[in-house]
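Enquirer: Structure, please.
(chains A and B)
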Amino acid sequence: AQSVAQPEDQVNVAEGNPLTVKCTYSVSGNPYLFWYVQYPNRGLQFLLKYITGDNLVKGSYGFEAEFNKSQTSFHLKKPSALVSDSALYFCAVRGYGSGNTGKLIFGQGTTLQVKP
Amino acid sequence: KAGVTQTPRYLIKTRGQQVTLSCSPISGHRSVSWYQQTPGQGLQFLFEYFSETQRNKGNFPGRFSGRQFSNSRSEMNVSTLELGDSALYLCASSSSGNTEAFFGQGTRLTVV
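Expert: Residues are numbered from 1 along each chain as shown, chains lettered A, B, ... in the order given. Now for the predicted structure:
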């Protein structure tokens, strides 16, 4: 069964410091991995994806994520956090194959709080 | 390009009633998926439609149904509403179902 774990309910960082939001996954076959961000009373905004290729993926708003196959992880990172980055972040996985089309499995979400 | 549009944004219904939510995908996108978001269960997949056919279905009772029209617009219907159906319902579209999905703002359903 496919699953995603985000081990931290909340991450607190000071503005200007680097941030990491952790994600591990379990899926049979090659994973398609995604990060989304959600602001209050809004839908999810796509940040970045890993399908294949380079393990370091760059996305929107200065975010990047590192795919690590041996550790089955896909941590979200940003070198310098902004107060405006404060939001709820979701990691998601889709398994390979026709039975998984359109179906994203989400982690429980991590609230990122960036303090001035 | 316009994003994914969901209507209505907010809805209040009474237990036992039924409700229909609408989703217009990004132009050219043929895959539309629906998700339920609640504080307790998080984000859960409901179903996915592609070219008017349901391709994938999550673990929800038969009260939850959907359809897709020839212009890729989609509707989901919930019959015999229960208090536990109160949630944010999100629609997402993608070009094929295998690429990144783009989400609408959601419909906040409250069942009283």
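
Enquirer: who's B:L21 bridged to?
Expert: B:M76 (DSSP bridges).

Enquirer: Pick out the residue of chain A closest to chain B.
Expert: Proximity to chain B, evaluated over chain A using CB to the nearest CB, is greatest for A:G102 at 3.0 Å. In this view, the C-beta of every residue, glycine as well, is placed from N, C-alpha and C.

Enquirer: Which residue, other than its chain neighbours, is closest to that residue?
Expert: B:E48 (3.0 Å; CB to CB, 6 or more residues apart in numbering or on different chains).

Enquirer: tell me which strands and helices the host helix or strand of the one you found is in contact with?
Expert: Per DSSP states H and E, B:E48 falls inside strand B:42-50. Where contact means 3 or more CB pairs under 8 Å, 6 or more residues apart in numbering or on different chains; DSSP states H and E, strand B:42-50 is packed against strand A:105-106, strand B:31-38, strand B:53-57, strand B:64-68, strand B:74-78.

Enquirer: Next up, the contacts around the residue nearest to A:G102.
Expert: Neighbour list for B:E48: A:T101, A:G102, A:K103, B:S31, B:V32, B:S33, B:W34, B:Q54, B:R55, B:N56, B:K57, B:G97 [criterion: CB atoms under 8 Å, 6 or more residues apart in numbering or on different chains].

Enquirer: Going through those, which ones are buried?
Expert: Burial by neighbour count, 16 or more other CB atoms under 10 Å in any protein chain shown: within these this picks out A:T101, A:G102, A:K103, B:S31, B:V32, B:S33, B:W34, B:R55, B:N56, B:G97.

Enquirer: Save those residues as JSON lines, and put in distance to A:Q6 and pLDDT too.
Expert: Shown next, in JSON lines, are the buried ones among the contacts of B:E48 (distance: CB to CB, whole Å; pLDDT from 0 to 100):
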{"residue": "A:T101", "distance to A:Q6": "24", "pLDDT": "74"}
{"residue": "A:G102", "distance to A:Q6": "22", "pLDDT": "77"}
{"residue": "A:K103", "distance to A:Q6": "18", "pLDDT": "88"}
{"residue": "B:S31", "distance to A:Q6": "25", "pLDDT": "93"}
{"residue": "B:V32", "distance to A:Q6": "26", "pLDDT": "95"}
{"residue": "B:S33", "distance to A:Q6": "21", "pLDDT": "95"}
{"residue": "B:W34", "distance to A:Q6": "22", "pLDDT": "97"}
{"residue": "B:R55", "distance to A:Q6": "27", "pLDDT": "90"}
{"residue": "B:N56", "distance to A:Q6": "23", "pLDDT": "89"}
{"residue": "B:G97", "distance to A:Q6": "24", "pLDDT": "64"}
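
Enquirer: Next, work out how far apart the residue of chain B found nearest chain A and A:G99 are.
Expert: Closest residue of chain B to chain A, CB to the nearest CB: B:E48 (3.0 Å). Distance of B:E48 to A:G99, given as CB to CB, to the nearest Å: 11 Å.

Enquirer: And for A:F90?
Expert: The gap separating A:F90 from A:G99 is 22 Å, by CB to CB.

Enquirer: do the same with A:G16
Expert: Going from A:G16 to A:G99 by CB to CB gives 45 Å.

Enquirer: Ok, A:A81 next?
Expert: A:A81 sits 38 Å away from A:G99, going by CB to CB.

Enquirer: Now for A:S80: which residues touch it?
Expert: So A:S80 contacts A:G16, A:N17, A:P18, A:G62 (CB under 8 Å, 6+ apart).

Enquirer: got the phi/psi numbers for it?
Expert: Note on A:S80: its backbone torsions stand at phi -140, psi 110 [degrees, to the nearest 10].
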